[in-house]
Structure formats: C-alpha cells, structure tokens
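Engineer: generate coordinates for the sequence data below:
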Amino acid sequence: MGGSLLIFYIAIGGVVGTLGRWLLQVWIQTSAHAGSFPLGTLIINLSGSVVLGFVARLGTSSSILSPEMRGGLTIGLCGAFTTMSTFSYESLQLLADGDYVRAGVYMAGTVVGSILAVLVGSMVCGRLL
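Structural biologist: Just a heads-up that it's a prediction; the model follows:
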C-alpha cells in the first residue's frame, strides 16, 4: 500500500505544482511588466527551492511528515513547480537575442539564488524544530 500512496501523493503534488507554477508565472510576468526577462521563472525557481529546503529538512529531521507526504511535496509539488528546462530555454533565448547582461543576471540569479534558497528553507525549518 505504501508505494501506491507515494505515487498518489506525487501525482497530486505534481498537479498542484504544475498549475501553481503556470498561474504564478503568468501573474508575475504580467503584473511586474517584466517583458522578455523571465522574472516569473526566476521567482518560481527561488521560492520552490526555499520550499524544497524546508520540506526536505522537516521530513528528515522530524516525524511530522510521512515518507509519502515528503515525496509528494518534494518530488511532486516542488518538482513540478520549479523548472530547469524552462530556465535553460529562456537562458538560450536571451543569449540568442544578444541580451548577454540580462542572460548572465538570470542564469547567475537562478543558480546561486536557488542554492541559497534551499539553504534558507533548511535553516528556517531548523529553527522551528
């Protein structure tokens, strides 16, 4: 039964993460008037990394989350919410457009920012435990 429950949680997390990503990205791009700069994807990758760091620490440092729930939140929700494939495509688009400065800001912001965001999520959870 555990394997079936894990798959169910991952599937539900994936649906929520996918729809949440799409809705948030559209809202950010529109409301921030970001134009061709992929601000929505950057913010999604950073916020998803904070959530991943928090949930991973919570799930491995306490018994609050079942392994199935942890899988649903990390693999399903965060996996569907964040997106490196879109990041890669948008980076190449900025480079192809000759927008090297914004491409560099976007790539560095995503990579370094996501690593720092996972650390922040883990630290916040550590303080709460």
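
Engineer: quick one, strands of this protein?
Structural biologist: Using DSSP state E, the strands of the chain do not appear at all; there are none.

Engineer: what about this protein, any weak spots by pLDDT?
Structural biologist: Counting by pLDDT under 70, the chain contains low-confidence residues at 1-2.

Engineer: grab the nearest non-local neighbour of the residue positioned nearest the centre of it.
Structural biologist: Nearest residue to the geometric centre of the chain (CA atoms, centre = their mean): Gly48, 2.7 Å. If the residues on either side of it in the chain are set aside, Gly48 comes closest to Thr82, at 3.6 Å by CB to CB, 6 or more residues apart in numbering. Every residue, glycine included, has its C-beta placed from N, CA and C.

Engineer: who's in contact with the one you found?
Structural biologist: By CB atoms under 8 Å, 6 or more residues apart in numbering, the residues touching Thr82 are 21, 44-45, 48-49, 52, 114.

Engineer: go again using 10 Å as the cut-off
Structural biologist: Going by CB atoms under 10 Å, 6 or more residues apart in numbering, Thr82 touches 17, 21, 41, 44-49, 51-52, 110, 114, 117.

Engineer: now for those, which pair is the farthest apart?
Structural biologist: Looking at the contacts of Thr82 by CB to CB, the two members farthest from one another are Gly17 and Thr110, with 17.5 Å of separation.

Engineer: could I get the full set of helices for this structure?
Structural biologist: For the chain, the helices defined by DSSP state H occupy 2-31, 39-61, 67-71, 79-81, 84-96, 100-128.

Engineer: give me the neighbour count for Ser31.
Structural biologist: Around Ser31 there are 10 other residues, counting by other CB atoms under 10 Å.

Engineer: how near is it to Ala56?
Structural biologist: Per CB to CB, to the nearest Å, Ser31 is found 30 Å from Ala56.
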